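# predicted model and sequence follow; I will ask about them next.
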Amino acid sequence: MKYKQWYIAAALALLVLAVVCLYQRQTTSTVRSGYTQAGVCDEWNELIAAKTNQKEISLSVDGKRLAKNDIQPYMADDRQLMIPVDTLRDVFLCNVGIYDHKTLKAYRNDRSIEAEENKEEIVINGEKEKITNALVFQGGSYYLSADVVAKGLDYEVEWDASANTIRFTDIRPEASKLPSAFDPRLYGLDAPVMNQGKLGTCWAFASVGALEAALLPEESWNFSVDHMSLNNGYTWGQDTGGEYTMAMAYLLSWKGPVREEDDPYGDGKTDTSLRAVKHVQEIQIIPSKDQSAIKRAVYLYGSVQTSIYCEVSGENSESSYYNNAQNAYCYIGTNKINHDTLIVGWDDGYAASNFRTQPEGNGAWLCMNSWGTGFGDGGYFWVSYYDSNVGIYNAAYTKIENTDNYDRIYQSDKCGWVGQLGYGNEEAYFANLYTANGEEVLEAVGFYATAPDTSYEVYVVNKVTGEADLTFQKKAASGSFSNAGYYTVKLDKPVLLSDGDRYAVIVYVRTPGSERPVAVEYTSKDGAVIANLSGNEGYISMKGTSWQSAQDKYKCNICLKAYTKEQ
């Protein structure tokens with residue numbers, strides 16, 4: 001009997017050893033595309049997938065390991081690697097959308113992928129193929145097979161099990177270049193053309209149009225221009241005009257956007273009790289006259305809000321700078337901007353001869369205006385690349401989230417970025433103190449990069465009473481931003497807050513070439529902004545050791561927000 005038990009024990013040991021060896025072999029190998037191996041049972045595939053998913057799966061593209069995102073890749077039970085659709089836009093430079101809440105369409109120059117949720121038949125570059133679970137919806141997000149991404153977008157993909165990393169290598173780098181022409185109307189990505197009438201609200205129409213375009217095709221919205229133009233915190237009325245910084249202040253403070261049906265345009269009234277139906281968490285300022293950067297932002301995020309000098313004022317007006325027959329506009333001169341519009345596309349080959357004022361060469365931006373469909377080509381017109389003002393002041397709405405992302409926003413800068421503070425060099429520290437209004441978790445902070453290539457470090461201090469407690473503890477987040485703009489930064493680890501806790505958020509920034517890198521809100525000389533300093537407690541420091549009160553010394557509020565979730 002004891003020999004029988006010995007044989008059983010030996011057999012079990014050999015089986016365990018075989019499993020360990022097979023798993024060890026699997027985790028130390030690099031496997032090129034085609035992850036499921038024939039002859040391996042489903043149970044074993046599921047075991048490998050479960051083990052793989054226990055650790056974070058990294059994504060590497062062209063040798064660059066990508067920063068951790070909120071939505072991670074995963075390995076399906078058949079060992080097929082699945083990539084978050086959200087990564088296609090920024091990582092693979094794709095124009096991507098989910099149509100009718102089920103069909104993905106992704107374009108990368110002359111390459112394309114079409115896949116329908118839970119359907120085996122897909123279309124890659126116009127050719128039909130079959131693959132199981134190419135597009136799936138899981139945990140509130142869409143995922144696409146890594147093999148499909150690789151084949152459709154001309155990449156080689158391999159799975160490095162030892163590093164738990166999916167590696168993509170571009171095998172046709174020229175395809176990553178943006179197309180020579182792009183028109184969103186050809187892809188069903190055009191937001192409705194609106195009409196501002198006789199009011200000076202072009203800036204708000206451009207902002208609202210940019211928001212609506214950024215959410216297409218997954219979501220179709222009609223946001224209220226009235227609410228934005230009457231509730232932005234500035235004292236200017238609808239006849240005065242405005243600029244995109246007013247839209248930024250309104251959106252980033254969560255005053256809006258709201259639905260057009262809840263606050264209709266042009267009646268001179270507004271409802272201040274309305275709450276935002278979306279939370280805007282990031283707005284990037286695209287570099288001046290940088291054609292490549294503007295094109296990239298349009299291609300990835302739907303549009304870019306920009307400003308021009310415009311003599312045309314409606315669908316029936318005439319101008320020596322506007323060719324009505326070609327819907328083409330070009331102004332060459334020194335007049336200041338007086339109109340906001342939306343860049344939604346481009347054509348590098350658009351002929352210079354189409355313009356009354358002859359530019360230096362071919363090429364034009366396709367712009368959507370706010371003068372109704374009777375103007376131009378159904379509301380669209382072309383502006384030459386060489387127009388003196390187009391593309392100088394640019395904003396792209398790059399992160400728009402549902403309102404359940406955070407429960408509460410802490411802020412003191414309702415009018416946003418009005419001016420800047422600093423100490424004559426590119427580095428500075430700034431901080432805000434807040435009091436928790438319940439049992440909460442601090443998950444993220446938001447602040448401005450006042451110029452490109454800003455790097456940052458974020459610190460959080462619990463239970464503070466004032467300036468003396470602004471000491472540096474463990475770093476809560478760090479990173480950098482390529483463009484200027486407003487960014488929401490998630491903390492590496494959420495911070496627990498008890499009701500009544502006084503806590504501080506501290507940020508260090510380094511902004512190359514800047515002498516005043518800290519964005520602040522203050523009462524402007526023209527009276528457009530009246531900053532409320534009462535009850536706010538912000539600080540600024542040169543080295544993070546000695547602090548000065550922003551309210552007492554500089555009569556301003558620090559632009560630094562905190563985002564929490566209820567426990």
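Nice, thanks for sending it over.
# which stretches of the stretch 51-200 of the chain form helices?
Under the criterion DSSP state H, counting those that start in this stretch, the stretch 51-200 of the chain contains helices at 86-91, 146-153.
# state the distance from residue 563 to residue 492.
From residue 563 across to residue 492, the span is 15 Å (Cβ to Cβ, to the nearest Å). Placement of C-beta: from N, CA and C, glycine included.
# looking at these two, which one has more neighbours?
It is residue 563, of residue 563 and residue 492, that has more neighbours when counted by other Cβ atoms under 10 Å, with 25 against 12.
# pretty sure the more buried one is touching residue 446, no?
Yes. Using Cβ atoms under 8 Å, residue 563 is in contact with residue 446, at 6.8 Å.
# quick one on the thing from earlier: for residue 438, which of the helices of the stretch 51-200 of the chain is the nearest?
Closest to residue 438 of those is helix 86-91 (Cβ to Cβ; 30.8 Å).
# packing partners of the helix or strand encompassing residue 540?
Using DSSP states H and E, the element containing residue 540 is strand 538-541. Judged by 3 or more Cβ pairs under 8 Å, 6 or more residues apart in numbering; DSSP states H and E, the packing partners of strand 538-541 are strand 427-435, strand 547-549, helix 550-554, strand 556-558.
# comparing these, which comes out most buried?
strand 556-558 (a mean of 26; mean count of other Cβ atoms under 10 Å).
# ok, that one: who's next to it in the sheet?
With DSSP bridges as the test, strand 556-558 is paired with strand 518-522 (antiparallel).
# what's the strand it pairs with in contact with?
412-422, 428, 430, 447-448, 450, 509, 529, 531, 540, 550, 554-559 (Cβ atoms under 8 Å, 6 or more residues apart in numbering).
# dump the strand holding residue 540 to CSV, restricted to CA.
Coordinates of each C-alpha in strand 538-541 appear next as CSV, following Å, rounded to 0.1, in the frame of the first residue of the first chain:
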residue,chain,number,x,y,z
GLY,A,538,-3.2,80.0,-1.5
TYR,A,539,0.6,80.3,-1.3
ILE,A,540,3.6,80.7,-3.6
SER,A,541,7.3,79.9,-2.9
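# other residues contacting it?
412, 421, 428-433, 467, 470, 518, 547-551, 554, 556-558, 560.
# what strands line up against it, and which way round?
Paired strands of strand 538-541, defined by DSSP bridges, are strand 427-435 (antiparallel), strand 547-549 (antiparallel).
# quick one: what helix or strand has residue 298 in it?
helix 291-301.
# C-terminal to that helix, what's the next element?
Per DSSP H and E, the helix or strand that comes after helix 291-301 is strand 304-308.
# quick one, that following strand and helix 291-301 angle?
Per axes from the mean of the first three to the mean of the last three Cα atoms, to 10 degrees, the angle that strand 304-308 makes with helix 291-301 is 130 degrees.
# and the strands in the stretch 201-350 of the chain?
279-285, 304-308, 322-323, 328-329, 339-347 (DSSP state E, counting those that start in this stretch).
# can you give me the offset of the strand holding residue 540 from its chain's centre?
Distance of strand 538-541 from the chain centroid (Cα atoms, centre = their mean, to the nearest Å) equals 28 Å.
# which parts of it are buried?
For strand 538-541, the neighbour count (16 or more other Cβ atoms under 10 Å) marks 538-541 as buried.
# could you do stretch 287-304 as well?
Neighbour counts over stretch 287-304 (16+ other Cβ under 10 Å) mark 287, 293-304 as buried.
# what helix or strand is the residue nearest the centre of the chain on?
Geometric centre of the chain, nearest residue: residue 398, 2.7 Å, by Cα atoms, centre = their mean. In this structure, residue 398 sits in strand 395-401 according to DSSP H and E.
# a markdown table for the strands of the stretch 201-350 of the chain, including distance to residue 144 and mean pLDDT?
As requested, those are arranged in a markdown table below (distance: least, Cβ to Cβ, whole Å; pLDDT from 0 to 100):
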| stretch | distance to residue 144 | mean pLDDT |
| --- | --- | --- |
| strand 279-285 | 23 | 98 |
| strand 304-308 | 27 | 98 |
| strand 322-323 | 43 | 95 |
| strand 328-329 | 39 | 97 |
| strand 339-347 | 25 | 98 |
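# so for residue 266, which of those strands sits nearest?
strand 339-347 (17.9 Å).
# and the closest one, what does it pack against?
Partner elements for strand 339-347 (3+ Cβ pairs under 8 Å, 6+ apart): strand 181-182, helix 202-215, helix 291-301, strand 304-308, strand 364-368, strand 380-384.
# would you reformat the ones you listed as CSV and include distance to residue 58?
Formatted as CSV, the helices and strands packed on strand 339-347 follow (distance: least, Cβ to Cβ, whole Å):
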stretch, distance to residue 58
strand 181-182, 32
helix 202-215, 28
helix 291-301, 22
strand 304-308, 32
strand 364-368, 38
strand 380-384, 42
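# out of these, nearest to residue 55?
Closest to residue 55 of the helices and strands packed on strand 339-347 is helix 291-301 (Cβ to Cβ; 29.9 Å).
# give me the contact list for that closest one.
Contacts for helix 291-301 (Cβ under 8 Å, 6+ apart): 89-90, 93-95, 178, 182, 214, 284, 286-287, 304, 306, 343-346, 365, 385, 391, 394, 396-398, 483.
# run the chain-centre distance for it.
With Cα atoms, centre = their mean, you get 12 Å for helix 291-301.
# could you do stretch 346-355 as well?
30 Å.
# quick check: buried residues in that stretch?
So for stretch 346-355, counting by 16+ other Cβ under 10 Å, buried means 346-348, 350, 352, 354-355.
# let's have those residues in CSV, adding distance to residue 140.
Shown next, in CSV, are the buried residues of stretch 346-355 (distance: Cβ to Cβ, whole Å):
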residue, distance to residue 140
346, 34
347, 37
348, 39
350, 41
352, 48
354, 46
355, 47
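# and which of the residues you listed is nearest to residue 499?
Proximity to residue 499 was ranked across the buried residues of stretch 346-355 by Cβ to Cβ; first place goes to residue 346, at 52.4 Å.
# in space, what's closest to the closest one - neighbours in sequence excluded?
Spatial nearest neighbour of residue 346, excluding adjacent residues (Cβ to Cβ, 6 or more residues apart in numbering): residue 365 at 5.4 Å.
# next, find the distance separating that neighbour from residue 304.
For residue 365, the distance to residue 304 - Cβ to Cβ - is 9 Å.
# next: residue 562.
For residue 562, the distance to residue 304 equals 29 Å [Cβ to Cβ].
# kindly report the same for residue 404.
Taking Cβ to Cβ, one finds residue 404 at 28 Å from residue 304.
# next: residue 261.
Distance from residue 261 to residue 304, by Cβ to Cβ: 27 Å.
# what's the angle between the longest strand seen in the chain and strand 518-522?
If you go by DSSP state E, the chain has its longest strand at strand 484-497. Using the same axes, to 10 degrees, the inter-axis angle of strand 484-497 relative to strand 518-522 is 90 degrees.
# what's the angle between strand 484-497 and strand 279-285?
Angle, strand 484-497 to strand 279-285, by the same axes, to 10 degrees: 140 degrees.
# ok, strand 484-497: who's next to it in the sheet?
Partners of strand 484-497 in its sheet, by DSSP bridges: strand 279-285 (antiparallel), strand 440-449 (antiparallel).
# wait, which of the ones you listed is closest to residue 208?
Closest of these to residue 208 is strand 279-285, at 11.6 Å (criterion: Cβ to Cβ).
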